[in-house]
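K.L.:
okay, sequence plus prediction incoming.
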Amino acid sequence: MNRRTMGKTMLGLAGAAVALSSGIPLAMADDKLKVGFVYVGPISDHGYSYQHDQGRLAVEKALGDKVTTTFVENVPEGADAERVIEQLASSGHKLIFTTSFGFMNPTLKVAKRHPDVKFEHATGYKRAENVATYSGRFYEARTVVGAICGKMTKSNIIGYVGSYPIPEVVGGINAFTLALREQNPKAEVRVVWVNSWYDPGKEAEAAKALIDQGADIIVQHTDSPAPIQTAQERGLWAVGQSSDMTRFGPKSHLTAIVEDWNGYYVDRVKAVLDGSWKPIDTWGGMSTGMVELAPYNPAIPEDVVKLAEQIKGEIVTGKRHSFQGPVKDQSGKVVIPEGKTATDEQILKMDWYVEGVQGKVPK
Amino acid sequence: MSLLRLEPRGQASKAMVYATPLLAVALTLASGFILFLLLGFDPLKALYAFFVAPLTSTRGVGELIVKATPLVLCAVGLAIGFRANVWNIGAEGQLTIGAITGGGLALAFYGDGGWWLLPLMVIGGAAGGAAWAAVPAFLRLRFNASEILTSLMLNYVALLLLNYLVHGPFRDPDGFAFPESRLFEADAVMPILWSGTRVHLGALFALLAVAGGWVLMARTFIGFQIKVIGLTPAAAGYAGFDQKRIIWFALLLSGALAGLAGMGEVAGPIGQINASISPGYGYTAIIVAFLGRLHPVGILLAGLLMALSFIGGEAAQIAMNLPKAITGVFQGMLLFFLLASDVLIRYRVRFGARRAVA
C-alpha cells in the first residue's frame, strides 16, 4: 500500500481523531454490518462496475456471516448520486464504497451528515474524518501491455480508445507509449476520446475509426467489450480493460488490464469490523495485486510472453518504474530527467502526452 | 384487407381524456404486480418499496420534489410549444446551455460574488436556454428546416460544448485536471426552501411556471392563438394570427424554462458544473408533457409521478435488490399504456373486412 504524498499531515490528524473515536462498539453482537456499494455503470458492463461488484461478492464470500451487502448500479454522476448515497447511509449502512470519481463531492456532502458512517471513495482526492480514498496504479499494467504491443504491431500504429482526458487515462496512455517505443521506436499511438466510461456504440465507432487509420492493435480505457469485438471482426489485436474480456474476442484479446478490488474490499470491511478503520489513501499497484493482467493470448510468441513477465516482475519488485527518466513530452522537452522517476504528484496531475502520441490532450 | 382495423370515433369523450392517464397508471401497476411475481419477488412488498416507501420520510418527499423540478420546468415550456405544433425536442440541450451560462456566471464572479449574483445567474441561465432555442426557431422560419431535427441535433452540440468547457476553461484549477468546475460559493447557490431536504428555489420556479403556463393558455390571447394554430393552422391563417410570432414565442419560452432548469441543477443539488448535469431530463420531459396531457397542472402531476419512478427504482434496489432496469420498464409501460388507451379512445377496433360506408 502506498500513500499519496499530498495532504499527509491532514490525514495524520484525521487518522488520530478516528482512532480516538473508534473504541465505540459498532453494533449489537447479532447485528450484521451493512455495507453499501454505488456503481456508475451496470454490473453487466463486464468492465469497471463488474469488477467492483466482484469485490462485493468477495466480501460476501469471506465475511458473509458478519456482513450483508447492498449495491446500486447505473447511478448518474450528477444530482442523483447524493440521494443514492444518502439513502444507503440513512438505511443503516455503516460502510459505503462510492466507486467512481464523479461521486466525490456527493460522498463528502453525505459523509458530513453521517459522522458514524464510513465512506470509501474510489479515484478521488478529497478525504475527511470518515472518508477514505483508494485507487489502483493501473498505469503499471499499461507498461507491460505497451511492451507486448511494441512487439506485436506490424503497422506500427496503435489505436487507443480513451474515455475522458483525465490524469489517470492520460498517464495510462503515456506509460503505454513509453514501453511501446522502448520495444519499437517507430510505433506511434493515436487516441480517440469517446467522453464516456461506458458507451458500446461510441466505443465501437472509435475503434473502427482508428482501424481505418491503419491501427492494427486497439487498446481501450473504456469499460465495454465493444472495442474487443470490433477488433475481432476485423481480425486484429486488442487489449481489454478492467476485467478479463477474452470471451468477447478470444482471437483478438491479447490480455487485459484487470482491476482486482477483492482483497482491498475484504481488508477494509474487516477493518471496520475490528475497529481499526482509518481514513487513509490507498494507491495500490501490481505488487499489491490490485492491478493484474488477464491471461496472455496463447497466440502471443513465447519470447514476447517472457519479456512481459520480466517487465511485470521488475515492476512488482520495484526495479522498474513506468515513468523512468529521461521522459520527453511531445515538443521534445525533457520533463522527467535522466535518473529520476515521476513523482506521484506528477502522475496524478498528468495532462501532457509523451513523445510518440499523436494529437493533443483536449483542454 | 386487414382483419383488424381502427375506425375513428366521432368525438372522444372528455372524461376519458382525463381518465386515461389514471387508467395507464393502474395498468402499469397491475403489470408491475405480475412482473414482480414472475421475477420471484413479493409483489406487494416490491410495489410498496417502489412507490410508497420513498415518500414515507421528509427527505424522501424532498427528493421527489428535487427530481421533479427540472422535469416540470422543461415540460411546461415544451407543452406550450406542442400545443402550437412547435416540436421542440431540444430541451436537453437548452437545459445544458442554461447550466453553462448560469453556472458560468458563478465561475466568472468566483471570489467576488454578492446578493446580485444569483439573480444574475437566473437571468443568464434562462437567456442561455432561450438563445439555444432561437437557433431552431430561426432555421425553421428562414429555411423551413424542421425544428424537430435541428433542436434534437443541437442537444449533441450542447453536450460537446459542455465537455469542452469542463475539460478546459471551467476546470477547477486545484482539481487535479479532473473534468469538473470548482464548487460554487454560497452566493451562487440556490437557497434551500425546506430545511433537512435539498428542495431549492428551483421548485418555486417550477410552480410559478405551472401557474404561469395555465394563465397563459387559459386566459390570454396568445394562448388562444396557440390553441387555434395547433388545432387548425388554416383557420389561424384566415384569422390573421401571426404564426411566425407564435413559433418564436414557443421556442424562446420553452428554451428559457429549460435553461432555468439547467441553471437550477448546477446551482442547486450539484453545486458545481460537471460533465453529467442531466441524466436526460430534457427527453424525459417530453414524456412528462404528454403524460400530463399538455396541461400545466397535468404536467405537475406527471412530473411528480415520473420522478417517483426514478427514486422508487433506487429505493427498491436498495431495499429488495430489484434490478435497476425496472425503472426503465415502468416508465416504458406507463407511456405504452397511455398511448394505447389514447388510441382506443379515439378509435374503435373493428374486426373483419371494411364494410361499404354509406
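P.N.:
In hand now; what should we look at?

K.L.:
which residue ranges of the stretch 251-358 of chain B form helices?
P.N.:
B:281-291, B:296-320, B:325-346 (DSSP state H, counting those that start in this stretch).

K.L.:
can you tell me which of these is most buried?
P.N.:
Using mean count of other CB atoms under 10 Å in any protein chain shown, the stretch among those with the largest mean neighbour count is helix B:281-291, at a mean of 25. C-beta here means a position set from N, CA and C on the backbone, and glycine is covered the same way.

K.L.:
which helices and strands does that helix pack with?
P.N.:
helix B:58-83, helix B:91-108, helix B:243-265, helix B:296-320, helix B:325-346 (3 or more CB pairs under 8 Å, 6 or more residues apart in numbering or on different chains; DSSP states H and E).

K.L.:
worst average pLDDT in the ones you listed?
P.N.:
The minimum mean pLDDT among the helices and strands packed on helix B:281-291 belongs to helix B:325-346 (a mean of 85).

K.L.:
looking at the helices and strands packed on helix B:281-291, which is nearest to B:Arg171?
P.N.:
Closest to B:Arg171 of the helices and strands packed on helix B:281-291 is helix B:91-108 (CB to CB; 9.9 Å).

K.L.:
what comes up buried for the closest one?
P.N.:
Buried residues in helix B:91-108, counted by 16 or more other CB atoms under 10 Å in any protein chain shown: B:91-107.

K.L.:
quick one: it to helix B:58-83, angle?
P.N.:
Put simply, helix B:91-108 runs at 120 degrees to helix B:58-83, going by axes from the mean of the first three to the mean of the last three CA atoms, to 10 degrees.

K.L.:
now do helix B:91-108: which elements does it pack against?
P.N.:
helix B:58-83, helix B:117-143, helix B:147-167, helix B:243-265, helix B:281-291.

K.L.:
rerun at 6 Å
P.N.:
If contacts are counted by 3 or more CB pairs under 6 Å, 6 or more residues apart in numbering or on different chains; DSSP states H and E, helix B:91-108 sits against helix B:117-143, helix B:147-167, helix B:243-265, helix B:281-291.

K.L.:
number of residues surrounding residue 193?
P.N.:
You didn't say which chain, so I picked chain A. A:Trp193: 21 surrounding residues under other CB atoms under 10 Å in any protein chain shown.

K.L.:
ah, no, chain B please
P.N.:
Quick note: B:Leu193 (other CB under 10 Å) scores 15 neighbours.

K.L.:
report the contact partners of it.
P.N.:
By CB atoms under 6 Å, 6 or more residues apart in numbering or on different chains, the contact set of B:Leu193 is B:Val199.

K.L.:
residue numbers of chain B in contact with chain A?
P.N.:
B:63, B:163, B:167-168, B:176-179, B:265, B:269-270, B:276-277, B:279, B:314, B:317-318, B:324 (CB under 6 Å from any CB of the partner chain).

K.L.:
can I get the buried part of these as one ChimeraX selection?
P.N.:
Here is the ChimeraX command that selects the buried residues among those (16+ other CB under 10 Å):
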select /B:63,163,167,176,177,178,179,265,269,270,276,277,279,314,317,318,324
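
K.L.:
check the residue nearest to the spatial centre of chain B and give its pLDDT.
P.N.:
Among the residues of chain B, the one closest to the centroid is B:Ala285, at 1.9 Å (CA atoms, centre = their mean). Note on B:Ala285: pLDDT of 96.

K.L.:
and what of the one 3 residues further on?
P.N.:
Here the pLDDT value assigned to B:Val288 is 93.

K.L.:
how much space between the closest residue to it other than its chain neighbours and B:His295?
P.N.:
Nearest non-adjacent residue to B:Val288, counting by CB to CB, 6 or more residues apart in numbering or on different chains: B:Ala75, 4.0 Å away. Using CB to CB, to the nearest Å, B:Ala75 is found at 11 Å from B:His295.

K.L.:
just A:Glu338 next, same as before
P.N.:
Distance of A:Glu338 to B:His295, given as CB to CB: 73 Å.

K.L.:
who's more crowded, the two?
P.N.:
B:His295 (21 against 9).

K.L.:
got a pLDDT number for the more buried one?
P.N.:
93.

K.L.:
can I assume A:Lys340 is in contact with A:Pro326?
P.N.:
No. Proximity of A:Lys340 to A:Pro326 does not meet the contact threshold set by CB atoms under 6 Å, at 8.6 Å.

K.L.:
what about the two, which has more around it?
P.N.:
Comparing A:Lys340 with A:Pro326 by other CB under 10 Å, the one with more neighbours is A:Lys340, at 16 against 11.

K.L.:
on the pLDDT front, check the more buried one for me.
P.N.:
Reported pLDDT for A:Lys340: 93.

K.L.:
do the same with A:Val145
P.N.:
Looking at A:Val145, its pLDDT reads 97.

K.L.:
mind listing the strands for the stretch 251-363 of chain A?
P.N.:
Under the criterion DSSP state E, counting those that start in this stretch, the stretch 251-363 of chain A contains strands at A:253-259, A:281-284, A:291-293, A:327-328, A:334-336.

K.L.:
closest to B:Trp116 out of those?
P.N.:
Closest among the strands of the stretch 251-363 of chain A, once you apply CB to CB, is strand A:281-284, at 40.2 Å.

K.L.:
name the helices or strands packed onto that closest one?
P.N.:
Against strand A:281-284 (3+ CB pairs under 6 Å, 6+ apart) you get strand A:131-136.

K.L.:
for residue 254, which residues are in contact?
P.N.:
This is for chain A. Contact analysis of A:Leu254 by CB under 6 Å, 6+ apart lists A:237, A:239, A:297.

K.L.:
can you look at chain B instead?
P.N.:
Contacts were defined as CB under 6 Å, 6+ apart; by that measure B:Ser254 touches B:77-78, B:81, B:88.

K.L.:
what's near enough to touch the residue nearest to it when sequence neighbours are not counted?
P.N.:
Leaving out its chain neighbours, the residue that sits closest to B:Ser254 by CB to CB, 6+ apart is B:Gly77, at 3.2 Å. By CB under 6 Å, 6+ apart, the residues touching B:Gly77 are B:253-254, B:257.

K.L.:
quick revisit: closest one to A:Arg181 among the helices and strands packed on helix B:281-291?
P.N.:
helix B:91-108 (39.1 Å).

K.L.:
how far off centre is that closest one?
P.N.:
On the basis of CA atoms, centre = their mean, to the nearest Å, helix B:91-108 sits 17 Å off its chain's mean C-alpha point.

K.L.:
ok so, going back, which one of the contacts of A:Leu254 sits closest to B:Phe249?
P.N.:
Using CB to CB, A:Val239 is the member of the contacts of A:Leu254 that sits closest to B:Phe249, with 54.3 Å.

K.L.:
and that closest one, helix, strand or coil?
P.N.:
strand (DSSP: H, G, I helix; E, B strand; the rest coil).

K.L.:
bridged to it, which residues?
P.N.:
Beta-bridge pairing for A:Val239 (DSSP bridges): A:Val219.

K.L.:
ok, now which ones touch it?
P.N.:
Neighbours of A:Val239 in contact, by CB under 6 Å, 6+ apart: A:145, A:219, A:254.

K.L.:
ok, so of the residues you listed, who is nearest chain B?
P.N.:
When the contacts of A:Val239 are ranked by distance to chain B (CB to the nearest CB), A:Val219 comes first, at 20.9 Å.

K.L.:
all set, thanks.
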